[in-house]
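Undergrad: A predicted structure for the sequence below; I have some questions about it.
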2 protein chains.
Amino acid sequence: MNALEKIHPTLFNAIQTRRAEHAIEPLFLRRWSPRAFDASKISAGDLMRILEAARWAPSAYNIQPWRFIYVLRGDPLWDTWLGLLDPFNASWAGAASALVFLFSDRLMPARDGQPRQPSASHRFDAGAAWAQLSLQATAMGFHAHAMGGINADAVRRTLAVPEHYEVEVGIAIGRQASAEDLPAALREREVPSDRLPLARVAFPATFPSNA
Amino acid sequence: MNALEKIHPTLFNAIQTRRAEHAIEPLFLRRWSPRAFDASKISAGDLMRILEAARWAPSAYNIQPWRFIYVLRGDPLWDTWLGLLDPFNASWAGAASALVFLFSDRLMPARDGQPRQPSASHRFDAGAAWAQLSLQATAMGFHAHAMGGINADAVRRTLAVPEHYEVEVGIAIGRQASAEDLPAALREREVPSDRLPLARVAFPATFPSNA
């Protein structure tokens, strides 16, 4: 057993499994979505830095359709918010330092006094904001884990979400802990995921018939 | 007039208009979407590095629904591809170094021999890949500009896009040139865009009634 594998098995696995095919900023490989968090607190200032990075994401016509609603660990709402996640996600996300729900506006801003028109790219743009959020969190020594498994209807009611906002994802943000702290069923899944080869997702000129 | 304003008015404007409210990685502020490109070539290796960063984006269940089809400047298809953009985008994107179309798979992978089911997050995930692409391009001294203004039907026909892929955006990648090189109507718009204040897009606990 390698010394690193003994001291920090998760990091060891990350180095083993994640190899870039082409040189990229190290931050992209370091960013992943663990489930083991250490139940420490995050300052409001640090959370604002993480959301600030999301704010600078690109969006169609610079509309910025993303909205973030958050609670910090220690807030009286914490347990209520855990109840908005599906039971699987609630089983680990309780040890995060902050919970965030990300929404996107289905409507474009009003123009020339006309009714607001549907946006074609609000979900795409919200995804860009999520990526920037997660990269900034990683740069600061935190990790962010997006969760599609949430009770969107309960989120709408509890957070008073206007009808024209789409509920995109919940996001758990925290400091990574040892996989040993996870429920047994989750321990062996606590490894950074690999990716399809680049040649399976990027092609010159035309779609291959087997894509 | 400031010396920097004289030498590099675009950079001067960027410094003037973009101020982070909270400290973030400088890359997020440096990333923007210019229209003035210098018509230089990009190597296939550099384009692969840019797409590689996109490949490591997070996605629901790690499905990786993104697909990229690209041409490099100098390819015989270049003019055909410019014709897939709307006339406004074609008026400036011809000076880029690479053109990319980004697609997302509307269907989840097949499971247990069942028919493929619709994906709930393919557009959101594709947006995350786009953000990582644009950040890697910026880190390498390039810029990327996503374009919603494309002829999606023509893209489908020309690139042989399977029906279950959504056409997300076109992306122009290149090295920035002086705004003076742009058509007159575009020159004064060649400034990095600002953002809504963080307090307009991020809220504690619940949606404000005026969001």
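TA: Thanks, I have it. Residues are numbered from 1 along each chain as shown, chains lettered A, B, ... in the order given.
Undergrad: which strand is the longest one in chain A?
TA: Identified as the longest strand of chain A according to DSSP state E is strand A:165-174.
Undergrad: For A:Leu85, see how far away A:Leu135 is.
TA: From A:Leu135 across to A:Leu85, the span is 23 Å (CB to CB, to the nearest Å). Where C-beta positions appear, they are placed from N, C-alpha and C, glycine not excepted.
Undergrad: So which of these two has more stuff around it?
TA: Taking neighbours as other CB atoms under 10 Å in any protein chain shown, A:Leu135 and A:Leu85 compare with A:Leu135 leading, 29 against 22.
Undergrad: And the more buried one, how close does it get to A:Thr80?
TA: Between A:Leu135 and A:Thr80 the computed distance is 29 Å (CB to CB).
Undergrad: cool, A:Ala23 as well?
TA: Going from A:Ala23 to A:Thr80 by CB to CB gives 45 Å.
Undergrad: Then A:Ser91?
TA: On the measure of CB to CB, A:Ser91 and A:Thr80 end up 17 Å apart.
Undergrad: between these two, who's got more neighbours?
TA: A:Ser91 (16 against 13).
Undergrad: Tell me, how many residues neighbour A:Arg106?
TA: A:Arg106, neighbours per other CB under 10 Å, totals 17.
Undergrad: per-residue confidence at it?
TA: For A:Arg106, the model assigns a pLDDT of 98.
Undergrad: residues contacting it?
TA: A:Pro118, A:Ser119, A:His122, A:His164, A:Tyr165, A:Glu166 (CB atoms under 8 Å, 6 or more residues apart in numbering or on different chains).
Undergrad: now, which of those sits nearest chain B?
TA: Set against chain B, the nearest of the contacts of A:Arg106 by CB to the nearest CB is A:Tyr165 (7.6 Å).
Undergrad: Just want the phi and psi numbers for the nearest residue to that closest one once chain neighbours are set aside.
TA: Excluding the flanking residues, the one nearest A:Tyr165 by CB to CB, 6 or more residues apart in numbering or on different chains is A:Phe103, at 4.2 Å. The phi/psi pair for A:Phe103 (degrees, to the nearest 10) reads phi -120, psi 160.
Undergrad: same thing with A:Trp66?
TA: The phi/psi pair for A:Trp66 (degrees, to the nearest 10) is phi -80, psi 140.
Undergrad: How about the one 5 residues further on?
TA: Backbone torsions of A:Val71, given as degrees, to the nearest 10, read phi -130, psi 150.
Undergrad: Look at it and say how many residues are nearby.
TA: A:Val71: 21 neighbours (other CB under 10 Å).
Undergrad: Backbone dihedrals for the closest residue to it other than its chain neighbours, both of them.
TA: Excluding its sequence neighbours, the residue lying closest to A:Val71 (CB to CB, 6+ apart) is A:Leu77, at 5.0 Å. Main-chain dihedrals, A:Leu77, degrees, to the nearest 10: phi -80, psi -10.
Undergrad: Strand partners (parallel or antiparallel) of the longest strand of chain A?
TA: Note on strand A:165-174: by DSSP bridges, its sheet partners are strand A:98-105 (antiparallel), strand A:143-147 (antiparallel).
Undergrad: Just the CA trace of it, in PDB.
TA: Provided in PDB are the C-alpha atoms of strand A:165-174 (Å, rounded to 0.1, in the frame of the first residue of the first chain):
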ATOM      1  CA  TYR A 165     -38.600  30.100 -11.600                       C
ATOM      2  CA  GLU A 166     -37.400  26.600 -12.400                       C
ATOM      3  CA  VAL A 167     -36.100  24.600  -9.500                       C
ATOM      4  CA  GLU A 168     -32.700  23.400 -10.800                       C
ATOM      5  CA  VAL A 169     -30.700  21.700  -8.100                       C
ATOM      6  CA  GLY A 170     -29.900  21.600  -4.400                       C
ATOM      7  CA  ILE A 171     -26.200  22.100  -3.600                       C
ATOM      8  CA  ALA A 172     -24.300  20.900  -0.500                       C
ATOM      9  CA  ILE A 173     -21.100  22.900   0.200                       C
ATOM     10  CA  GLY A 174     -18.700  21.900   2.900                       C
END
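Undergrad: Please name the residues that touch A:Trp92.
TA: A:Trp92 is in contact with A:Arg35, A:Ala36, A:Phe37, A:Ala172, A:Leu182, A:Pro183, A:Leu186, counting by CB under 8 Å, 6+ apart.
Undergrad: Is it part of a helix or strand, or is it coil?
TA: helix (DSSP: H, G, I helix; E, B strand; the rest coil).
Undergrad: Can you measure across stretch A:41-60, start residue to end residue?
TA: The straight-line separation of the ends of stretch A:41-60 (CA to CA, to the nearest Å) is 35 Å.
Undergrad: Quick check: mean pLDDT of that stretch?
TA: Per-residue scores along stretch A:41-60 average to 98.
Undergrad: Tell me where the model's unsure across chain A.
TA: Within chain A, the stretches with pLDDT under 70 are A:1-17.
Undergrad: hmm, back to that, neighbour-wise, which of the contacts of A:Arg106 leads?
TA: Counting by other CB under 10 Å, top hit in these: A:His122 with 27 neighbours.
Undergrad: Do I have it right that that residue meets A:Pro109?
TA: No - using CB atoms under 8 Å, A:His122 is not in contact with A:Pro109; the gap is 11.7 Å.
Undergrad: Which neighbours do the two have in common?
TA: A:Ile63.
Undergrad: The residue in chain A that chain B sits nearest to: neighbour count?
TA: Across chain A, the shortest distance to chain B (CB to the nearest CB) belongs to A:Gly127, at 2.6 Å. Counted by other CB under 10 Å, the residues lying close to A:Gly127 total 34.
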